[in-house]
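[1] When you get a sec, could you give me coordinates for this:
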Amino acid sequence: MTVDRSLVHRILVIKLRAVGDVLLSTVVPKNLRLAFSEAQIDYLTEPPSAEVLNGNPHINNVHVHDRAKLSGASLVGFVRKQRYDLVIDLFGNPRTALITRLSGARYRVGYRFRGRTYAYNIMAEPRGASVHNTQFNLDALAAIGVAIQDRNIYFQFTSDDARFVDEFLSRGGIG
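    Predicted coordinates for the structure are as follows:
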């Protein structure tokens, strides 16, 4: 399936957990922003990972799904109400595949994992065992024809964060 970029105004990227994996996925919104400069780009993750997305200028909204507070059905309802045109499931577990399928998005991108292909109408081959995690994430963009212009992750930290690190290292005797 070919993505008609003129029909894509609202995008959701899904990567629920693993702080490091979410950080390594920040190459995706950056390249999406370059390809879809006017689109709203949102990101769905879980509480521990949300902080690495704060301050990212390539993301309009970070939606935090706390499984202890919101049921899966409620999350699907929330995603459907957002009326996304394009959903990219970088997590690829059975739950995120189902969320993607039920999102109502015209374009649903994911990886060709066993038992999940029903959820996507555009699929990337899973090469996680043979490529770096950033490239694995970028494969989803290649599947929709987005040129990869920047392979660097994005991480915003505040002056409070820098102060904490300095104090932490100082307390440990590290200059």
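
[2] quick one: the helices in the chain?
    Assigned by DSSP state H, the chain shows helices spanning 19-24, 27-35, 47-50, 72-82, 94-102, 133-143, 159-171.

[3] So for I59, which of these sits nearest?
    helix 27-35 (5.0 Å; Cβ to Cβ). To be clear about C-beta, it is placed using only N, CA and C from the backbone, and glycine gets the same treatment.

[4] Can you mark which positions in the closest one are buried?
    By neighbour count on 16 or more other Cβ atoms under 10 Å, the buried set for helix 27-35 is V27, V28, P29, K30, N31, L32, R33, A35.

[5] export these to a markdown table and tack on pLDDT and distance to S71?
    Converted to a markdown table, the buried residues of helix 27-35 look like this (pLDDT from 0 to 100; distance: Cβ to Cβ, whole Å):
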| residue | pLDDT | distance to S71 |
| --- | --- | --- |
| V27 | 97 | 31 |
| V28 | 98 | 27 |
| P29 | 98 | 27 |
| K30 | 97 | 32 |
| N31 | 98 | 33 |
| L32 | 98 | 29 |
| R33 | 98 | 32 |
| A35 | 97 | 34 |
